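Peer 1: Output the structure for:
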Amino acid sequence: MILVSFCLIGRGRLTGCDHVDVVQVSISPDGDDLGVMQVLLEEGTWVLQVLASPEELVTLRSIREADWAARRALRVGTVFGVPVFWAFKDDIVTALVGQDDETWQIAMTMPVEAVDRLAAMAVDHLPRPEQPEPDPLPPYPGQLEIF
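Peer 2: Have a look, this model is predicted:
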């Protein structure tokens, strides 16, 4: 498990500080299924556990384009089977948990740096492309091929 902390004080952000507005980000496989990641976002007063594939989480790299007012929230992951929508405004990301990004049931805000780090961490969990088998070596000169 990887754990990273970010701090938000008013509208300014500091990393590695000891204040109450720290958002901790961790990501790990959900059990034996490497295709599903368990994401924990924790702040002093709330915890959000999201399940998502690494491929979904990597799409959070484009979080700055996820303008809720322009209907461009990103749908990434679930909380107890309920979709999570991610929106960005003024260096703050809001995670909206609900059936859509207009009639959500709960929302959490966090600094955009926490989501940037989450997306970067997800890249490490992407499936590696399979390497093709190398072509067999040709026979040595003078060596007979046996079929």
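
Peer 1: State the distance from the spatially closest residue to residue 77 that is not a sequence neighbour to residue 69.
Peer 2: The shortest distance from residue 77 to any non-neighbouring residue, by Cβ to Cβ, 6 or more residues apart in numbering, is to residue 52 (3.2 Å). Glycine gets a C-beta too; all of them are placed from N, C-alpha and C. Using Cβ to Cβ, to the nearest Å, residue 52 is found at 24 Å from residue 69.

Peer 1: So for these two, which sits in the more crowded spot?
Peer 2: Legend: neighbour count by other Cβ atoms under 10 Å for residue 52 and residue 69, higher for residue 52 (23 against 8).

Peer 1: these two touch, right, the more buried one and residue 39?
Peer 2: Yes - look at residue 52 against residue 39 with Cβ atoms under 8 Å: they come within range, at 6.5 Å.

Peer 1: Geometric centre of this structure: which residue is closest?
Peer 2: residue 57 (3.2 Å; Cα atoms, centre = their mean).

Peer 1: Which strands or helices does the host helix or strand of that one pack on?
Peer 2: Using DSSP states H and E, residue 57 maps to helix 54-58. Here helix 54-58 touches strand 33-43, strand 74-79, helix 112-123, going by 3 or more Cβ pairs under 8 Å, 6 or more residues apart in numbering; DSSP states H and E.

Peer 1: So what's the gap between the first one and the chain middle?
Peer 2: Here strand 33-43 shows a centroid-to-chain-centroid distance of 8 Å under the convention Cα atoms, centre = their mean, to the nearest Å.

Peer 1: Quick check: mean pLDDT of that strand?
Peer 2: Mean per-residue pLDDT for strand 33-43: 90.

Peer 1: Dump it to PDB, restricted to CA.
Peer 2: Provided in PDB are the C-alpha atoms of strand 33-43 (Å, rounded to 0.1, in the frame of the first residue of the first chain):
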ATOM      1  CA  ASP A  33      -8.300  -9.300  -8.100                       C
ATOM      2  CA  LEU A  34      -5.500  -7.100  -9.500                       C
ATOM      3  CA  GLY A  35      -8.100  -5.500 -11.900                       C
ATOM      4  CA  VAL A  36      -9.900  -3.800  -9.000                       C
ATOM      5  CA  MET A  37      -8.100  -1.200  -6.800                       C
ATOM      6  CA  GLN A  38      -9.200  -0.100  -3.300                       C
ATOM      7  CA  VAL A  39      -8.700   3.600  -2.900                       C
ATOM      8  CA  LEU A  40      -8.800   5.300   0.500                       C
ATOM      9  CA  LEU A  41      -9.000   9.000   0.700                       C
ATOM     10  CA  GLU A  42      -8.900  10.200   4.300                       C
ATOM     11  CA  GLU A  43      -9.200  13.600   5.900                       C
END
